[in-house]
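Peer 1: 3D, please:
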Amino acid sequence: MGADGGGTGSLETRVLVLAPTQRDTRLIGAVLDEAGITSRFCHDVPDLCAAALDGAGALMLNEEALAEDGGASLATLLGQQPSWSDLPLLILTTRGADSPRVARAVATLGNVTLLERPTRVAALISAVRSALRARQRQYELRGHLAEHERTAASLREVDRRKDEFLAMLAHELRNPLAPIRNSLYLLREAGDDRLAIDAVRARMERQVDIIVRLVDDLLEVSRITRGQIELRPESIDLAAVLDAAVETSRPAIDSAGHELRLSVPPGALGVRGDPVRLAQVFANLLNNAAKYTDRGGRIDLGVERAGRELVVSVRDTGMGIRPEMLRRVFEMFTQADGARDRAPGGLGIGLTLVRRLVELHGGRVEARSEGPGCGSEFIVRLPAAPAVDEANGPADGRDGAAVAVSVAPATGASRSLRVLVVDDNHDAADSLALLLRLSAGEVRVAHSGQEALELLGGYRPDVALLDIGMPGMSGYELAARIRRRPELQPIVLIALTGWGQDDDRRRSHEAGFDHHLVKPVAPRTLQSLLGSLRASAEAAG
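Peer 2: Now for the predicted structure:
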């Protein structure tokens, strides 16, 4: 007689048998054992039904078991099956479908196969194996349904988090937009009050910086996720990186009245990495600590050597993190409960940036907290490298990395530039032209590609700033047309656009642009570029 075995799989593939006589039990057991089919023999219908609840590939029973309560018990058992299940039922009968009990079973119990007694061994084995194959297909369907449910649950979770993110994004964008709108009204009412104008302008600059930071964070995550971020590694002293991070985060820390304690061991802390990206990591962690700590709290920033690693710790006395959230804090768009109310101004992607950037440097980051109200600690581990050798390093101090050159604004005697601004957004074009007239010189505006080409029939600018996403004729097409005209070759073309991915920069270069600036461009950045172009023109002249 076959054994059940110990696993769920063997329970689900066994045949439960309720034979009419002890002799039949021995004969059926011997036949199934010879065929390698696992079986269990039951004493009565309740025993059969109880065993079936634990798992079965098929049921085999004699028609006498269907009498009265036996048939009702089986009907109840089979009626409680899940949607994927249609448990095969093999009935041993002497009269076939002519038996009233068997006829009722065929009509009410579902997946029924009749085996007339005496049954040939080959026919019995064939029927059992056919039933088990059918049952196996049902198990496969169960697996597909379970996988489908897992996928559906995952999609529901993604959809929920997407909705939360969009609501959060709208909230965080409205926050700075409200004071900007109010400030514009105040500017109209300020008249010649210089102090009021300066205060309003400073407020608007702060709010615009918030919007720019939100957009930049989103783009950073997108680039890192797709593997399109490029590090510029060099041999650096981690202490200098931490100084830069503290300088960046100092306004947020000071405005919240926090105490910042630094613990940096003496001597160089050599690492190999991108100083800008690493400073971004620690500035994010410091800003996070400042945001989620009640006013007047304490933030500890420390670094120590641990074997071949440098370990940086950012610890705060803030709101803390629940244990179940510790596993999720580095996931995209995740914020702790209550974080939105206590610390507005973020999308829940700062820690995702931290983790991705640290991993790109061959390191790892972890979060610790004893729970709500107990503060948090973020620990970054980076591979240590030999200390920075400033005496033997490259002259520019960047191991071959690109160095940004900033040219001072031209003096009043410097040559003025002729500039063309092309943008279908009238407000954007006109405000940029007004800004450029303060420093560049002659500025003209066109609001479409065709209008720009007509203007270029008689106007020869030194520089043209072109929006890319214009209707009708895009900035790419306009730049290509300009480059095809020999008389317009000297014009320096600058793409001024909201598209800032690597592929966008490649396309603008292929279209003939000399520079690619992403909106909103800081006025100082644009003035520095124009100053460089002006200096180049003067040198060439």
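Peer 1: Strands of the stretch 51-200 of the chain, start to end?
Peer 2: Secondary structure of the stretch 51-200 of the chain (DSSP state E, counting those that start in this stretch): strands at 58-62, 89-93, 112-116.
Peer 1: Relative to Val422, which of these is closest?
Peer 2: strand 58-62 (77.1 Å; CB to CB). For glycine as for every other residue, the C-beta is placed from the backbone atoms N, C-alpha and C.
Peer 1: What are the contacting residues of the closest one?
Peer 2: 15-20, 24, 28, 45, 48, 52, 74, 87-93, 128, 131-132, 135 (CB atoms under 8 Å, 6 or more residues apart in numbering).
Peer 1: 6 Å - rerun?
Peer 2: Here strand 58-62 makes contact (CB atoms under 6 Å, 6 or more residues apart in numbering) with 15-18, 20, 88-90, 92, 131.
Peer 1: List the pairing partners of that strand within its sheet, with orientation.
Peer 2: Sheet pairing here is set by DSSP bridges, and for strand 58-62 it gives strand 15-18 (parallel), strand 89-93 (parallel).
Peer 1: unless I'm mixing things up, Ala56 is touching Leu16, no?
Peer 2: Yes. Contact status for Ala56 versus Leu16: in contact at 4.9 Å, counting by CB atoms under 6 Å.
Peer 1: Have a look at the two and say which one is more surrounded.
Peer 2: The neighbour comparison of Ala56 against Leu16 (other CB atoms under 10 Å) goes to Leu16, with 25 against 19.
Peer 1: residues in contact with the more buried one?
Peer 2: 40, 42, 48, 51-52, 56, 59.
Peer 1: quick one: it from Asp86, how far?
Peer 2: 16 Å (CB to CB, to the nearest Å).
Peer 1: before we move on, the earlier item: can I get the strands paired with strand 58-62 in JSON lines including distance to Gln450 and mean pLDDT?
Peer 2: JSON lines is the format used below for the strands paired with strand 58-62 (distance: least, CB to CB, whole Å; pLDDT from 0 to 100):
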{"stretch": "strand 15-18", "distance to Gln450": "81", "mean pLDDT": "93"}
{"stretch": "strand 89-93", "distance to Gln450": "79", "mean pLDDT": "90"}
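Peer 1: Tell me which of those strands sits nearest to Gly191.
Peer 2: Comparing the strands paired with strand 58-62 by CB to CB, strand 89-93 comes nearest, at 92.7 Å.
Peer 1: Check what contacts the closest one and list those residues.
Peer 2: Contact partners of strand 89-93, identified using CB under 6 Å, 6+ apart, comprise 59-60, 62-63, 99, 102, 109, 111-117, 127.
Peer 1: which one of those residues sits closest to Glu157?
Peer 2: For the contacts of strand 89-93, the nearest to Glu157 is Asn111 (36.5 Å; CB to CB).
Peer 1: Would you mind listing where the stretch 101-250 of the chain has pLDDT under the threshold?
Peer 2: 164-175, 178, 217, 220-229 (pLDDT under 70).
Peer 1: can you give me the helices in it?
Peer 2: 121-190, 194-225, 238-255 (DSSP state H, counting those that start in this stretch).
Peer 1: quick one, which of these is nearest to Gln489?
Peer 2: Closest of the helices of the stretch 101-250 of the chain to Gln489 is helix 194-225, at 32.7 Å (criterion: CB to CB).
Peer 1: by contact count, what packs against the closest one?
Peer 2: On a contact count with 3 or more CB pairs under 6 Å, 6 or more residues apart in numbering; DSSP states H and E, helix 194-225 meets helix 121-190, helix 350-360.
Peer 1: tilt between it and helix 121-190?
Peer 2: On the basis of axes from the mean of the first three to the mean of the last three CA atoms, to 10 degrees, helix 194-225 is oriented at 160 degrees to helix 121-190.
Peer 1: Would you enumerate the residues in contact with Gly500?
Peer 2: By CB under 6 Å, 6+ apart, the neighbours of Gly500 are Val518.
Peer 1: That one in helix, strand or coil?
Peer 2: For Gly500, the assignment made with DSSP: H, G, I helix; E, B strand; the rest coil gives coil.
Peer 1: From Val521, how far off is it?
Peer 2: 11 Å.
Peer 1: ok so, going back, tell me the most buried of the helices and strands packed on helix 194-225?
Peer 2: helix 350-360 (a mean of 20; mean count of other CB atoms under 10 Å).
Peer 1: Quick one: mean pLDDT over that one.
Peer 2: Per-region confidence: helix 350-360 scores 85 on mean pLDDT.
Peer 1: Quick check: nearest residue in space to Ile491, chain neighbours excluded?
Peer 2: Nearest residue to Ile491, sequence neighbours excluded (CB to CB, 6 or more residues apart in numbering): Ala464, at 5.3 Å.
Peer 1: Check Leu269 too.
Peer 2: Using CB to CB, 6+ apart, the nearest residue to Leu269 is Leu238, at 3.9 Å.
Peer 1: which strand residues sit across from Arg381 in the sheet?
Peer 2: Val311, Arg364.
Peer 1: For Ala134, which residues are in contact?
Peer 2: Pro88.
Peer 1: what about Arg481, which SS state?
Peer 2: helix.
Peer 1: is it true that Leu260 lies in a helix?
Peer 2: No. In this structure, Leu260 is strand, not part of a helix, as judged by three-state DSSP.
Peer 1: Return the residues in contact with it.
Peer 2: Per CB under 6 Å, 6+ apart, neighbours of Leu260: 253, 299.
Peer 1: Tell me the spacing between it and Asp300.
Peer 2: Distance, Leu260 to Asp300, by CB to CB: 8 Å.
Peer 1: Then Ser235?
Peer 2: 27 Å.
Peer 1: who has more neighbours, these two?
Peer 2: Shown here are Ser235 and Asp300; by other CB under 10 Å, Ser235 has more neighbours (20 against 17).
Peer 1: tell me the contacts of Leu109?
Peer 2: Here Leu109 is in contact with 78, 89 (criterion: CB under 6 Å, 6+ apart).
Peer 1: go with 10 Å
Peer 2: Contact analysis of Leu109 by CB atoms under 10 Å, 6 or more residues apart in numbering lists 59, 66, 71, 74-75, 77-79, 87, 89, 91.
Peer 1: Mind telling me the two of the residues you listed farthest from one another?
Peer 2: Gly79 and Ile91 (17.5 Å).
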